[in-house]
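Student: Sequence first, predicted model second:
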Amino acid sequence: MMISKPLGHVTIRVALGAVALLCWASVAKAVDSQVVFEKVKTSVVQVNIGKGSLGSGCVLDPKEGIIVTNFHVIEHAKGEKVTVAFPADGDGKTYPVEGYLEIVPTKDIALIRIDPSKRKLKPLKIAASLPSPGEHVYAFGSPLGLSLSFTEGPVSAIRTGKQVSDIADQMFGKGMYEKEQGYDFEATWVQHAAPISPGNSGGPLTNANGELLGLNTWHLTQGQNLNFAISAVNVQQVLSKASRVVKKFSSLPPPRKRAPSGMGPGDMETTRATW
């Protein structure tokens, strides 16, 4: 009896301490999420193509007015009016996109430009390294047009283009990744569980420091929270080699053709239908 009482008392104290620790961790995580949101929100854009299509993106270079998004977001922009909005402003104002500086369809990356004199721009810093599985990440964008939506979740894996290709071959048949979606093996993909939907395409995936880890690009509907972002490593490669000469959207290559399966190479319509 003399021993059991102290042990019981210690057990209760430990249990209460564990509950308090869990509550503190939950509050700390919520505060961290709010800090990330406030840090990143002014760098996030909504990319509007014509009257119906949209995607997301973020500012990379404020002096040059460079914004990054997915290629499939602007793939059908030829002959269309292209604008960006900064949802964090809350004023509904849009800014014309002058054109594109670089497109890399095989990695689904596009650099577009706006006039930097029209608005003060805040860039996102590109993370120096890939995230680790289990690291908490944050997704920003306009899913289904719901601008400046914010979700979070863990990194599930870092996958090479070859790994994703092998998985796609098993699920959909040989050639889905390279021939039908048009991606290459040099792409590095961040698989994560922060929920994304059509309209998130091109929007930033960040770490807890608000640094860019990748661009949310696609997700598999055959499972749950199987979301993929083209890595910031690939974004940095494109930015480093990009021309600073603005090209008009009229010079975009013809949109890639849909495959017979109906799962085409990543254009906006296919993204909505498939991903």
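Tutor: Arrived safely, thanks for sending. Numbers count the residues shown, from 1 in each chain.

Student: Okay, strands next: where are they in the chain?
Tutor: 44-49, 53-61, 66-69, 82-85, 94-104, 109-114, 136-141, 149-160, 188-192, 204-206, 212-220, 226-231 (DSSP state E).

Student: Wait, residue 105 touches residue 255, no?
Tutor: No: counting by CB atoms under 8 Å, residue 105 does not reach residue 255; the two are 10.1 Å apart. All C-beta atoms are positioned from the backbone trio N, CA, C, and that covers glycine.

Student: More neighbours: the two, which one.
Tutor: residue 105 (19 against 16; other CB atoms under 10 Å).

Student: out of everything not next to it in sequence, what's closest to the more buried one?
Tutor: residue 71 (4.9 Å; CB to CB, 6 or more residues apart in numbering).

Student: Wait, that neighbour touches residue 111, no?
Tutor: No: look at residue 71 against residue 111 with CB under 8 Å: they stay out of range, at 9.8 Å.

Student: list the residues that contact both of these two?
Tutor: Both residue 71 and residue 111 are contacted by residue 103, under the criterion CB atoms under 8 Å, 6 or more residues apart in numbering.

Student: C-alpha coordinates for stretch 70-89, CSV please?
Tutor: Written as CSV, here are the backbone C-alpha positions of stretch 70-89 (Å, rounded to 0.1, in the frame of the first residue of the first chain):
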residue,chain,number,x,y,z
ASN,A,70,2.9,25.3,-63.8
PHE,A,71,3.3,25.1,-67.6
HIS,A,72,-0.1,23.5,-67.9
VAL,A,73,-1.7,26.5,-66.3
ILE,A,74,-0.7,28.7,-69.3
GLU,A,75,-0.5,26.0,-71.9
HIS,A,76,-3.8,27.2,-73.6
ALA,A,77,-3.1,31.0,-73.1
LYS,A,78,-2.5,31.7,-76.8
GLY,A,79,-5.1,34.3,-77.8
GLU,A,80,-6.3,34.7,-74.3
LYS,A,81,-6.0,37.6,-71.8
VAL,A,82,-3.7,36.5,-68.9
THR,A,83,-3.7,38.3,-65.6
VAL,A,84,-2.7,37.7,-62.0
ALA,A,85,-4.3,38.8,-58.8
PHE,A,86,-2.9,39.0,-55.3
PRO,A,87,-5.7,37.5,-53.2
ALA,A,88,-4.1,38.7,-49.9
ASP,A,89,-4.7,42.3,-51.0
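
Student: how close does the one residue sitting closest to the centre of the chain get to residue 165?
Tutor: By CA atoms, centre = their mean, the chain has its centre lying nearest to residue 216, at 2.4 Å. Residue 216 sits 20 Å away from residue 165, going by CB to CB, to the nearest Å.

Student: Residue 146 now?
Tutor: Distance from residue 146 to residue 165, by CB to CB: 32 Å.

Student: quick one, what contacts residue 192?
Tutor: 137, 139, 153, 154, 155, 156, 205, 225, 227, 228, 229.

Student: before we move on, the earlier item: could you tell me which residues touch both of residue 105 and residue 255?
Tutor: residue 75.

Student: about what we covered before: check contacts around the residue nearest to the centre of the chain.
Tutor: 56, 139, 141, 196, 200-205, 227-229.

Student: Looking at those residues, which is nearest residue 245?
Tutor: residue 202 (21.7 Å; CB to CB).
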